[in-house]
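Asker: Sequence and computational prediction follow.
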Amino acid sequence: MGESPRAAVQVIEPQFVIEGAGVLLRRSFGPSRANPFDPFLLFDHFAFNDPIEGPIVGFPMHPHRGIETVTYMLEGNTRHRDSLGNVGVIGPGDVQWMTSGRGIMHEEMPKRGPEGRVNGFQLWVNLPAAQKMGPPRYQEVAADSIPAQEQAGVKARVVAGRFDGVVGPVTEIAAQPVYMDVTLQPGTGFFLPIPAGHTAIAYIFEGSGEFGLDASGKGELVEAVKMAVFGEGDQLRIRAAPEAAVRFMLMAGAPFKEQIVPYGPFVMNTEDEIRQALAELRSGTFVKD
């Protein structure tokens, strides 16, 4: 059977939203019962680069249950602490893959880098019903431990998944994710096999390129800052524009195909489970030993 290229079937224009204690974000999608990007629930691009915003207020202590939150920094850093006693700083190129499981309280406070900017992404990945009440865990990945595969105009930093023999350091995730930061020099092509049936999306944040090339080499021209959503198939093909490099976050994963009920920082499978989380939060029993 031949390879089946995935077309770009949708281009999403991120919307500005306010979250936390007044943080301006570009949101490509957020949690919904329809769950169109299963197993991915949310993708935010935070870039606090307008001085009018004043001091960065960040995300004071808040709960999560039933999901994984993935923070990837480009510029600046995020200080975090949580109810398990973890404290640390996520700096440029670092990743924190947090599996909230049955419950965690955490705080994320961004800080501007030397150029006065903060730039990074947060991805939410769903957990299957069988793992939603599992123990919380962290995979903290320092920038220098993320392998970068460079070849003929392609640079791919592989956080999770595999590209050209390089395997990302984040492992044992139920969604079998691919998560990588890809830069293509002008006119350079990028090819990646992705299992049929898996969801695949790309967030283009610098430059432009053709996404979802077909067998004849034609694709959808997408410019930063937008998200491309890919259709069915088993191979992803992308090419940078002839005159400009392109940089994008690439995400793919296996959908769980389970009903979800999102409510703020919780994503569970039933309304009863949401009510239980809220009751535990009120009674002080949300975080388990």
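Answerer: Perfect, thanks for sending it.
Asker: Tell me where the stretch 1-150 of the chain has strands.
Answerer: Counting by DSSP state E, counting those that start in this stretch, the stretch 1-150 of the chain has strands at residues 8-12, 15-19, 23-29, 40-47, 59-64, 67-75, 77-82, 87-90, 95-99, 104-111, 119-126, 137-141, 148-151.
Asker: now the longest one and strand 104-111, what's the angle there?
Answerer: If I follow you right, that is strand 67-75. 10 degrees (axes from the mean of the first three to the mean of the last three C-alpha atoms, to 10 degrees).
Asker: what stretches of the stretch 1-150 of the chain score poorly on pLDDT?
Answerer: The stretch 1-150 of the chain contains residues with pLDDT under 70 at 1-2, 21-22, 48-57.
Asker: change it to 90
Answerer: 1-3, 17-25, 46-63, 76-90, 103-119, 137-140 (pLDDT under 90).
Asker: Which strands border the helix or strand V222 falls within, and is each parallel or antiparallel?
Answerer: Assigned by DSSP states H and E, V222 belongs to strand 220-223. Here strand 220-223 has these sheet partners by DSSP bridges: strand 199-211 (antiparallel).
Asker: Where do the helices of the stretch 151-289 of the chain begin and end?
Answerer: Using DSSP state H, counting those that start in this stretch, the helices of the stretch 151-289 of the chain run over residues 271-283.
Asker: distance of L74 from L250?
Answerer: Distance of L74 to L250, given as C-beta to C-beta, to the nearest Å: 15 Å. Where you see a C-beta, it was placed from the backbone N, CA and C, and this is true even at glycine.
Asker: Comparing the two, which residue is more hemmed in?
Answerer: More crowded of L74 and L250, by other C-beta atoms under 10 Å: L250, with 26 against 20.
Asker: in the sheet, who's paired with that one?
Answerer: M180, A202.
Asker: quick revisit: CSV please, covering the strands of the stretch 1-150 of the chain and showing distance to Q276.
Answerer: Below are these laid out as CSV (distance: least, C-beta to C-beta, whole Å):
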stretch, distance to Q276
strand 8-12, 33
strand 15-19, 24
strand 23-29, 26
strand 40-47, 20
strand 59-64, 13
strand 67-75, 16
strand 77-82, 21
strand 87-90, 29
strand 95-99, 19
strand 104-111, 16
strand 119-126, 18
strand 137-141, 22
strand 148-151, 43
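Asker: Ok, which of those comes nearest E210?
Answerer: strand 8-12 (8.5 Å; C-beta to C-beta).
Asker: Partner strands of that closest one, with direction?
Answerer: strand 226-230 (antiparallel).
Asker: from the middle of its chain, how far away would stretch 217-226 be?
Answerer: In terms of C-alpha atoms, centre = their mean, to the nearest Å, the centre of stretch 217-226 is found 19 Å from the chain centre.
Asker: Good, wrapping up.
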